[in-house]
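Visitor: the amino acid sequence is not available; the structure is as follows:
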């Protein structure tokens, strides 16, 4: 049964991406799932925690949102591409999912809501939404202190914590004076040395600030970062578990559901130091590039 359900979800994605303007025929989707339309709708809602129509609308607007931010088509062309007869109708649907109109989103680079692509296993993956925005940044420099530490997927990373504790007050003061860019203030940065994200894989772990590309680091270390696009995720929850879950969800849910791929570069994290388990607001910056030929092109 799960295999047929996932084949039905694959068909929905094909309608939304490869044939963007095509209406999803739920009767055909139910046939692929080898059940009736009525039972498929009820089964989907029970498993996913949302009506099928809501999921389809959110997925359509997730894909359309990437095109709106990408700026390669006019807003009317995007509207027509995704099956809307007018810009007004598209704007209403867009606002119902993202909370903002497509024109304003394109002008301001606003935060959008991504509905992850769903698949059925023993549990349901992708039934949550993630708040994100795409930011284009010029070249910049991270200035601070780095240490080589192992990846830790759950719980406190003792090596990273020891690196933070090793920083002297003079270095912190120097960093704060040099800070000049987004994300603001003292932050951490992770540079992956290999393609592996397994527990224990070594990374360069930075504590530093964003500065202009020509700023002298003097007694601090410097990491030059080329211009590019970044996916920015806002997060709130207990430290550090909520952040570790966010990192996991970005790579297991957000990337498979959006027309972006990760690219080389540091992953930036801005958060306030808190006690273990305390609630905190954080912001995660992941370097991305738009996938060539996405949406069937």
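Guide: That came in fine, so what should we check first? Quick caveat, the model's predicted, so the values are computed rather than measured. Numbering: from 1, shown residues only.
Visitor: how about the strands in the stretch 101-250 of the chain?
Guide: Here the stretch 101-250 of the chain has its strands, by DSSP state E, counting those that start in this stretch, at 112-115, 119-120, 124-125, 129-137, 140-150, 187-192, 202-211, 221-225, 228-238.
Visitor: mean confidence score for the third one?
Guide: It stands for strand 124-125. Average pLDDT, strand 124-125: 56.
Visitor: please apply the same query to the fourth one.
Guide: For strand 129-137, the mean pLDDT works out to 89.
Visitor: before we move on, what about stretch 166-185?
Guide: Mean predicted lDDT for stretch 166-185 stands at 93.
Visitor: ok, the residue lying closest to residue 191 once chain neighbours are set aside to residue 145 distance?
Guide: Distances taken as C-beta to C-beta, 6 or more residues apart in numbering put residue 204 closest to residue 191, at 4.1 Å, once the chain neighbours are dropped. The way it works is simple: take the backbone N, C-alpha and C, and place the C-beta from them, glycine included. Applying C-beta to C-beta, to the nearest Å, the value for residue 204 to residue 145 is 11 Å.
Visitor: and residue 178, by the same measure?
Guide: From residue 178 to residue 145 the distance is 13 Å (C-beta to C-beta).
Visitor: quick one: which of residue 204 and residue 145 has more around it?
Guide: Counting neighbours by other C-beta atoms under 10 Å for residue 204 and for residue 145 shows that residue 145 has the greater number, 19 against 16.
Visitor: can you tell me which residues contact that one?
Guide: Going by C-beta atoms under 8 Å, 6 or more residues apart in numbering, residue 145 touches 163, 166-167, 171, 206-208, 220-221.
Visitor: repeat that for residue 76.
Guide: Counted by C-beta under 8 Å, 6+ apart, residue 76 has contacts residue 87.
Visitor: quick check: it is in a strand.
Guide: No: Residue 76: not assigned to a strand; according to DSSP: H, G, I helix; E, B strand; the rest coil it is helix.
Visitor: quick one: distance of the helix or strand encompassing residue 269 to the chain centre.
Guide: Using DSSP states H and E, residue 269 maps to strand 267-271. Remark: strand 267-271 is offset 13 Å from the chain centroid, using C-alpha atoms, centre = their mean, to the nearest Å.
Visitor: what angle sits between that strand and strand 140-150?
Guide: 90 degrees (axes from the mean of the first three to the mean of the last three C-alpha atoms, to 10 degrees).
Visitor: give me the contacts around strand 267-271.
Guide: Contacts of strand 267-271 (C-beta under 8 Å, 6+ apart): 142, 183-185, 187-192, 210, 230, 239, 243, 247, 280-287.
Visitor: now, of those residues, which are buried?
Guide: 142, 183, 187-192, 210, 230, 239, 243, 247, 280, 282-287 (16 or more other C-beta atoms under 10 Å).
Visitor: pLDDT score for the residue lying closest to residue 248 once chain neighbours are set aside?
Guide: Spatial nearest neighbour of residue 248, excluding adjacent residues (C-beta to C-beta, 6+ apart): residue 153 at 7.4 Å. pLDDT recorded at residue 153 is 81.
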